[in-house]
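# Sequence plus the predicted model coming up.
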Amino acid sequence: MVLQQLTDYSAKILVAFGEAINGNDKIFNWLLKHGYPELAALSKAIRGSDEAFQWLMNNGYPHYAALDMAIVNDKKAYEWLARYKFHFLIVVADASRGKPDAIRWLAMHDLQIFIRIAKLIKAFTDNQKFDYHKLHF
């Protein structure tokens with residue numbers, strides 16, 4: 001099982017990930033073709049793709065699938081992340097939901113790129129209707 005952490009990626013790749021979350025298909029395809037299919041899938045899962053969510057689950061990235069679900073406040077996903085000690089992903093999920101403590105924690109640890117990503121996710125999710133068809137974690 002691959003357990004890549006979001007903090008393991010370079011700033012350039014994280015900026016690209018943010019652009020993919022923002023719906024930039026050219027950047028999404030670049031991530032997909034240049035060795036970052038997990039970030040491409042996570043960006044699409046965040047945007048509501050069940051196919052991308054399933055890809056994460058089936059290809060060694062259940063922690064990213066759990067992050068996707070935690071972003072929409074799925075309690076089981078939060079519990080799973082905590083159980084398997086993915087505490088940073090909990091912070092990212094909380095920041096993506098606009099929780100001030102999580103944003104402050106990221107700022108205190110000089111992780112502005114994750115604040116930017118969280119704001120992109122929040123902007124996207126705030127403009128969406130809840131998808132009742134999305135599987136629960």
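Yes, it's here.

# in the chain, which spans are helices?
11-21, 25-33, 37-46, 50-58, 62-71, 75-83, 87-96, 100-108, 112-126 (DSSP state H).

# For Gln5, find the nearest of the ones you listed.
helix 87-96 (6.8 Å; CB to CB). From N, CA and C alone the C-beta is placed, and that goes for glycine too.

# Could I get the pLDDT score of the most far-flung residue of the chain relative to its centre?
Residue farthest from the centre of the chain, counting by CA atoms, centre = their mean, is Met108 at 20.4 Å. At Met108, the pLDDT value in this model is 97.

# and it, how far is that from Gly48?
Met108 sits at a distance of 32 Å from Gly48 (criterion: CB to CB, to the nearest Å).

# Over to His34?
24 Å.

# Between these two, point out the one with more neighbours.
Gly48 (17 against 11; other CB atoms under 10 Å).

# shouldn't that one be in contact with Gln128?
Yes. In this structure, Gly48 is within contact of Gln128 by CB atoms under 8 Å, at 7.0 Å.

# With distance to Gln5 as new columns, can the helices of the chain be given to me in a markdown table?
Formatted as a markdown table, the helices of the chain follow (distance: least, CB to CB, whole Å):
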| stretch | distance to Gln5 |
| --- | --- |
| helix 11-21 | 12 |
| helix 25-33 | 17 |
| helix 37-46 | 11 |
| helix 50-58 | 14 |
| helix 62-71 | 8 |
| helix 75-83 | 12 |
| helix 87-96 | 7 |
| helix 100-108 | 14 |
| helix 112-126 | 12 |
